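Participant: Sequence unavailable; structure follows:
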């Protein structure tokens, strides 16, 4: 099921969870706001609650200090957002996106080779 897009502040929290696997609210606050205040702690708590409500984050309540972790991978989230963008901008076609990225040299030779290998593998397996 496609999940809603993340706001920039929510994405900041998710980026930390994708990097670190599990963090406390205090660890997230300290990394997002190096000069943290009580107000920023409340902001992080609200962000974590919103992310939990949306299904992006789970809270481990087994310890006295709750640990938060992502329930969706960065790759899955990015894929869903790219599909949504393609649906909105190009009627679901990825060809214009890929063409643009190649022409603007936003895809490295290694990435092109990796994409080519994936396409070849799918073709040899008869996947459309």
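Facilitator: Cool, got the structure. Being a predicted model, the structure only gives us computed values, none of them experimental.
Participant: tally of neighbours for residue 64?
Facilitator: Using other C-beta atoms under 10 Å, residue 64 has 5 other residues around it. Where you see a C-beta, it was placed from the backbone N, CA and C, and this is true even at glycine.
Participant: Angles on the backbone of it, please.
Facilitator: Backbone dihedrals for residue 64, given as degrees, to the nearest 10, come out at phi -70, psi -30.
Participant: Enumerate every residue touching it.
Facilitator: With C-beta atoms under 8 Å, 6 or more residues apart in numbering as the criterion, no residue contacts residue 64.
Participant: Look up how far residue 74 lies from it.
Facilitator: Remark: distance between residue 64 and residue 74 (C-beta to C-beta, to the nearest Å) = 29 Å.
Participant: Where does pLDDT dip in the chain?
Facilitator: 1, 36-38, 127-128 (pLDDT under 70).
Participant: in the protein, which spans are helices?
Facilitator: Under the criterion DSSP state H, helices of the chain are mapped to 8-20, 25-32, 38-54, 74-90, 95-103, 109-124.
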